[in-house]
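# Build me a structure from this.
(one chain, ligands or ions: 2)
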Amino acid sequence: MLQTTNYLELTFWAKSQNESFARSAVGAFFSQLNPTLEELDDLKTAVSEAVTNCIVHAYNSQQKGEIVVCCQLHPNAITVQIVDFGKGIENVEQAIQPFYSTCTTGDRSGMGFTVMQAFCDDVKVESGDGQTKVTLHKTISLEN
Ligand SMILES: Nc1ncnc2c1ncn2[C@@H]1O[C@H](COP(=O)(O)OP(=O)(O)O)[C@@H](O)[C@H]1O
Ligand SMILES: [Mg+2]
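Ligands and ions are numbered 1, 2, ... in the order given. Okay, the predicted model is just below:
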């Protein structure tokens, strides 16, 4: 079991303005571990992809609905959970495939989950019982 040394929970509405807020807030919290700029940017990008998915997919860009972001700090890692109570993902295996997107307007690349996987050490996606939860885990290099 990983030791938890600090905890942050944010609840906000699925408004596009809040995507940059969540990204910065989680980044500021993660900064307590003295990550490299690259590690910090990677986590912020992954959080941004996950929160954007809640806004545009879970809640269909209606600019309402709740998003909860929980961050657990460990001695040299962070776990971030991004939870929504929107429409859910019927087939998670399919959704996480590179280039898979249900967006028909051509605005989305279908690479959100692939980016999260590339920029974090572990990504878990669960959907059911009225909620969708993406768990990101990122470790920092020890020579910082
Ligand atoms: N929070 C979510 N709620 C419902 N569906 C989601 C959610 N996140 C992702 N999805 C589904 O998974 C697909 C793939 O997501 P992603 O890889 O980020 O690609 P994109 O956002 O570019 O479509 C989305 O097109 C959408 O159908
Ligand atoms: Mg996406």
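# got a list of what the residue lying closest to Lys124 once chain neighbours are set aside touches?
Sequence neighbours aside, Thr135 is the residue nearest to Lys124 in space, at 4.2 Å (criterion: CB to CB, 6 or more residues apart in numbering). Where C-beta positions appear, they are placed from N, C-alpha and C, glycine not excepted. Going by CB atoms under 8 Å, 6 or more residues apart in numbering, Thr135 touches Thr79, Val80, Gln81, Asp122, Val123, Lys124, Val125, Glu126.
# Now the fifth one: phi and psi?
Yep, that's Val123 we're talking about. According to degrees, to the nearest 10, the main-chain angles of Val123 amount to phi -130, psi 130.
# Select from the contacts of Thr135 every entry located in strands.
Counting by DSSP state E, those place Thr79, Val80, Gln81, Asp122, Val123, Lys124, Val125, Glu126 in strands.
# what's the closest non-adjacent residue to the residue of the chain found nearest ligand 2?
At 2.7 Å from ligand 2, Gly112 is the closest residue in the chain, using CB to the ion. Spatial nearest neighbour of Gly112, excluding adjacent residues (CB to CB, 6+ apart): Glu49 at 4.3 Å.
# Please work out how many residues are found near the one you found.
Look at Glu49: counted by other CB atoms under 10 Å, it has 21 neighbours.
# again, but for Gln117
The burial count for Gln117: 17, using other CB under 10 Å.
# now Arg108
Arg108 - counted by other CB under 10 Å - has 15 other residues nearby.
# Check which helix or strand it maps to.
Using DSSP states H and E, Arg108 maps to neither a helix nor a strand.
# ok, it to Phe99 distance?
Using CB to CB, to the nearest Å, we find Arg108 at a distance of 10 Å from Phe99.
# And what about the residue nearest to Lys124, helix, strand or coil?
Counting by DSSP: H, G, I helix; E, B strand; the rest coil, the backbone at Thr135 sits in strand.
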